[in-house]
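> Based on what follows, work out the 3D shape:
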Amino acid sequence: MIRLIISTFLLILFVSFSPINKPLLNKKQTYSLFEMMISDIEYFDAEMRLTRDNNKEVSWQDYKAFHKKNWNNSVSPEELKNLFLKFRRGYLNGHSHLEFLYPIEKTNNTYAEYESNFKLGYTYPDISFYNVENGNSIVSINNKPIKEIFWDFSNYETTKIRSNAVLKNFSSYFNQRYLRVGGETPYLVSYDDQKVDSVHYNTVEPSDEDVFFDGLELDGYEDWETVEKGYKVALLKKDNVALIKIKNFIYMQGFGGDMNCSGSLDEIKDSTMCKDVKRLMRGLESIKDKTNYLIFDLQDNLGGNENTPFVKMFSPAPFTDTRVQYRKTKLMEDSLTRNALNYFSPNAENWYSSIRESGVYDKVKYGDFLPARGDFCQADDECGLGTIQPNNELITKFEKIIILTNDGTGSSADDFVFRFKEFGGAYIAGQPQSADLTYSLISVVYYIDKEGNLDRVYYGNAQKKPSIAGEELFKINIPYSKTIDKNGNMLQGNPVPMDLLVPITRDNFTNIKRDVLDRAIEYYCN
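Numbers count the residues shown, from 1 in each chain. Reported below is the predicted structural model:
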């Protein structure tokens with residue numbers, strides 16, 4: 001009996017002083033760290049807070065207050081990680097990728113992927129939820145109303161901005177065992193007819209698909225003629241409609257040429273943007289007398305590299321570079337950081353020198369925005385907003401250009417949609433694009449030194465991380481520039497209005513992308 005008591009005491013003592021439970025920060029430090037992080041966000045952020053205020057029922061001030069009350073205790077490394085991850089979930093910028101850095105001893109749990117015994121489906125824009133397998137309407141999960149769960153998820157637990165993107169994320173979280181209801185995995189769903197189903201999850205083999213670098217597969221287009229197929233693109237034809245499917249703009253070997261994709265097709269390296277652009281143009285040339293309508297299918301195109309070679313080749317009219325505004329802070333005056341924020345573009349450095357020499361820079365207060373400029377500096381050598389001439393007159397022969405979008409149309413694909421709508425008069429069909437297209441980011445690493453003092457370092461997102469004089473805690477990336485339209489309105493969170501909204505229903509939920517294509521053809525191509 002005495003041995004048992006001693007053993008229990010020793011176990012409690014070991015657990016109490018194990019590294020994972022030992023306080024890393026005291027109460028004052030934890031609170032100060034939160035205040036430091038919030039101060040940086042509110043000073044540098046160009047659009048994330050406004051995106052939340054414009055699109056969520058929980059404002060930035062309320063979101064901040066919701067988390068602030070929890071950062072008021074001494075914390076172990078694991079507790080700090082949990083606080084940080086909870087804050088990260090609702091950080092509305094899909095490009096930021098906040099990261100916890102403090103080393104925590106890993107458990108022996110092997111990574112596993114799961115899928116639910118049935119799929120949670122949804123409808124949009126009239127939001128409802130149902131069991132895809134039996135069609136029953138779901139009213140609660142774990143005895144909590146699903147509308148309340150979704151409201152909490154939308155406002156606190158997703159980086160997605162638009163409701164259609166949030167719905168897809170919510171469904172995916174349920175189906176893959178990520179969703180938590182009151183801290184628990186879903187185990188029970190209730191239907192509107194009073195029936196219930198148990199939820200359980202089966203382990204599945206992890207997918208070996210690389211959504212970024214794998215080439216385009218043409219599943220679902222069996223009734224279309226394939227005219228050309230490249231690495232990330234394909235040109236298809238059906239009746240008098242030409243369809244260009246672009247998986248994404250992520251190219252392992254970049255442009256593969258200049259902005260105009262000069263040179264012959266044979267001279268351009270494979271797996272490059274210019275190779276794909278040239279293939280598409282060759283294909284369009286071969287069917288130019290057989291087609292009257294051109295459709296770009298950008299559904300689930302998550303973006304990637306700068307897309308100017310595509311826009312320059314396929315825009316039917318002159319266009320401008322993507323318009324951005326940078327915040328004026330002391331960071332802009334550090335040459336290394338400034339170059340990183342400007343993607344190391346010599347033309348961007350010319351722009352900075354120009355506004356300094358002209359006195360424009362000095363007239364802007366610190367914390368305010370500098371005048372608009374071209375994001376990728378393609379119009380001239382000072383990042384001006386002059387017009388850029390398209391490359392091919394063939395596109396002007398099409399009666400209509402239609403772009404298909406959904407919640408997965410983001411980043412560089414977002415930019416494609418905005419520019420083709422403004423300059424090419426394209427019709428937009430499907431569901432709203434993600435409108436998540438931030439590019440320039442400032443990285444901030446928070447750390448604690450040997451004396452227990454908290455501090456941080458700043459550097460451009462594309463810049464090598466400087467040396468840290470202490471133990472790293474976590475890193476946040478803050479949107480430093482905002483993307484705007486010609487009137488200065490922020491584009492983040494504000495998709496192009498739909499010309500043809502295709503609702504997501506129970507009838508088309510499992511084949512929604514193909515239904516969007518078919519409806520667009522029926523509506524526009526007559």
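> Check the model's average confidence along the helix or strand hosting residue 352 for me.
Using DSSP states H and E, residue 352 sits in helix 346-357. Helix 346-357 carries an average pLDDT of 98.
> before we move on, what about stretch 97-104?
Here the average pLDDT along stretch 97-104 is 95.
> same thing with stretch 288-300?
97.
> Look up phi and psi at residue 396.
phi -70, psi -10 (degrees, to the nearest 10).
> Let me know whether it touches residue 316 as I believe.
Yes. Using CB atoms under 8 Å, residue 396 is in contact with residue 316, at 4.8 Å. Heads up, the C-betas are built off the backbone N, CA and C, glycines and all.
> Between these two, tell me which one has more neighbours.
residue 316 (20 against 12; other CB atoms under 10 Å).
> Which residues does the lengthiest helix in the chain contact?
The single longest helix within the chain, with elements called by DSSP state H, is helix 27-44. Outside helix 27-44, the residues that touch it by CB atoms under 8 Å, 6 or more residues apart in numbering are 25, 48-49, 64, 67-68, 71-75, 80, 83, 327, 329, 331, 367, 442, 444, 446, 448, 452, 454, 456, 473, 476, 478, 480.
> Mind checking which of the residues you listed are in helices?
48-49, 64, 67-68, 80, 83.
> circling back to that earlier point, any buried residues in the following helix or strand past the helix holding residue 352, and which?
The helix or strand immediately downstream of helix 346-357 is helix 360-363, counting by DSSP H and E. Buried residues in helix 360-363, counted by 16 or more other CB atoms under 10 Å: residue 361.
> residues making contact with helix 360-363?
With CB under 8 Å, 6+ apart as the criterion, helix 360-363 contacts 328, 352, 355-356, 370-371.
> next helix or strand past it?
Past helix 360-363, the next helix or strand by DSSP H and E is strand 373-374.
> for that following strand, packing partners?
Under the contact definition 3 or more CB pairs under 8 Å, 6 or more residues apart in numbering; DSSP states H and E, strand 373-374 sits against strand 323-326.
> now for the strand it packs on, which elements pack on it?
Counting by 3+ CB pairs under 8 Å, 6+ apart, strand 323-326 packs on strand 373-374, strand 481-484.
> thinking again about what came up before, if we only consider the contacts of helix 360-363, which is nearest to residue 524?
residue 371 (38.3 Å; CB to CB).
> Give me the pLDDT for residue 18.
Model confidence at residue 18 (pLDDT) stands at 47.
> ugh, typo on my part, it should be residue 29
At residue 29, the pLDDT recorded in the model is 97.
> Any figure for the gap between it and residue 359?
44 Å (CB to CB, to the nearest Å).
> before we move on, the earlier item: in the helix holding residue 352, which residues are buried?
Applying 16+ other CB under 10 Å to helix 346-357 flags 347-349, 351-352, 354-355 as buried.
> could you redo these as TSV and give each row distance to residue 177?
Shown next, in TSV, are the buried residues of helix 346-357 (distance: CB to CB, whole Å):
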residue	distance to residue 177
347	48
348	44
349	48
351	48
352	48
354	54
355	51
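> what comes into contact with the helix or strand where residue 275 lies?
Element membership for residue 275, per DSSP H and E: helix 273-287. Under the criterion CB under 8 Å, 6+ apart, residues 227-233, 235, 237, 242, 244, 249, 251, 254-257, 261, 263-265, 268-269, 294, 305, 307, 309-310, 313-314, 392, 394-395 lie in contact with helix 273-287.
> From those residues, which land in helices?
309-310, 313-314.
> Now do the strands in the stretch 101-250 of the chain.
Ranges of strands in the stretch 101-250 of the chain, per DSSP state E, counting those that start in this stretch, are 113-116, 120-123, 128-131, 138-141, 144-145, 188-191, 196-198, 201-204, 225-229, 233-238, 241-246.
> possible to save these as JSON lines with distance to residue 469 and mean neighbour count?
Shown next, in JSON lines, are the strands of the stretch 101-250 of the chain (distance: least, CB to CB, whole Å; neighbours: other CB atoms under 10 Å):
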{"stretch": "strand 113-116", "distance to residue 469": "39", "mean neighbour count": "14"}
{"stretch": "strand 120-123", "distance to residue 469": "48", "mean neighbour count": "22"}
{"stretch": "strand 128-131", "distance to residue 469": "50", "mean neighbour count": "18"}
{"stretch": "strand 138-141", "distance to residue 469": "47", "mean neighbour count": "20"}
{"stretch": "strand 144-145", "distance to residue 469": "46", "mean neighbour count": "14"}
{"stretch": "strand 188-191", "distance to residue 469": "51", "mean neighbour count": "19"}
{"stretch": "strand 196-198", "distance to residue 469": "53", "mean neighbour count": "13"}
{"stretch": "strand 201-204", "distance to residue 469": "44", "mean neighbour count": "12"}
{"stretch": "strand 225-229", "distance to residue 469": "53", "mean neighbour count": "17"}
{"stretch": "strand 233-238", "distance to residue 469": "48", "mean neighbour count": "22"}
{"stretch": "strand 241-246", "distance to residue 469": "45", "mean neighbour count": "22"}
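> Look at residue 29 and residue 359 and report which has more neighbours.
residue 29 (18 against 8).
> follow-up on the earlier one: which of the ones in helices among the contacts of helix 27-44 are buried?
48-49, 64, 67, 80, 83.
> Out of the residues you listed, which comes closest to residue 161?
residue 48 (10.1 Å).
> list the contacts for that closest one?
41, 91-93, 96, 438, 478-479.
> Which residue, other than its chain neighbours, is closest to it?
Sequence neighbours aside, residue 93 is the residue nearest to residue 48 in space, at 4.8 Å (criterion: CB to CB, 6 or more residues apart in numbering).
> Now stretch 488-505: average pLDDT?
Stretch 488-505 comes out at a mean pLDDT of 97.
> ends of it, how far apart?
36 Å (CA to CA, to the nearest Å).
> Now do the buried residues in it.
Neighbour-count burial for stretch 488-505 [16+ other CB under 10 Å]: 490-496, 499-502, 504.
> which one of the residues you listed sits closest to residue 193?
The closest of these, once distances to residue 193 are taken by CB to CB, is residue 504, at 22.7 Å.
> Quick check: bridge partners of the closest one?
residue 124 (DSSP bridges).
> between the helix holding residue 275 and strand 225-229, how many degrees?
140 degrees (axes from the mean of the first three to the mean of the last three CA atoms, to 10 degrees).
> Okay, angle between helix 273-287 and strand 233-238 too, please.
20 degrees.
> Output helix 273-287 as PDB, restricted to C-alpha atoms.
C-alpha atoms of helix 273-287 as PDB (Å, rounded to 0.1, in the frame of the first residue of the first chain):
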ATOM      1  CA  MET A 273       3.300  28.700 -68.400                       C
ATOM      2  CA  CYS A 274       4.300  29.800 -71.800                       C
ATOM      3  CA  LYS A 275       4.300  26.200 -73.100                       C
ATOM      4  CA  ASP A 276       0.700  25.900 -72.000                       C
ATOM      5  CA  VAL A 277      -0.300  29.300 -73.400                       C
ATOM      6  CA  LYS A 278       1.300  28.500 -76.800                       C
ATOM      7  CA  ARG A 279      -0.500  25.100 -77.000                       C
ATOM      8  CA  LEU A 280      -3.800  26.800 -76.300                       C
ATOM      9  CA  MET A 281      -3.300  29.400 -79.000                       C
ATOM     10  CA  ARG A 282      -2.300  26.700 -81.500                       C
ATOM     11  CA  GLY A 283      -5.400  24.800 -80.700                       C
ATOM     12  CA  LEU A 284      -7.700  27.900 -80.900                       C
ATOM     13  CA  GLU A 285      -6.200  28.700 -84.300                       C
ATOM     14  CA  SER A 286      -7.200  25.300 -85.500                       C
ATOM     15  CA  ILE A 287     -10.900  25.700 -84.500                       C
END
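> tell me which residues of that helix are tucked away?
Here helix 273-287 shows 273-281, 283-284, 287 as buried, counting by 16+ other CB under 10 Å.
> May I see the residues you listed organised as a markdown table, with distance to residue 381 added?
Listed next are these as a markdown table, based on distance: CB to CB, whole Å:
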| residue | distance to residue 381 |
| --- | --- |
| 273 | 22 |
| 274 | 22 |
| 275 | 27 |
| 276 | 27 |
| 277 | 24 |
| 278 | 26 |
| 279 | 31 |
| 280 | 29 |
| 281 | 27 |
| 283 | 34 |
| 284 | 32 |
| 287 | 38 |
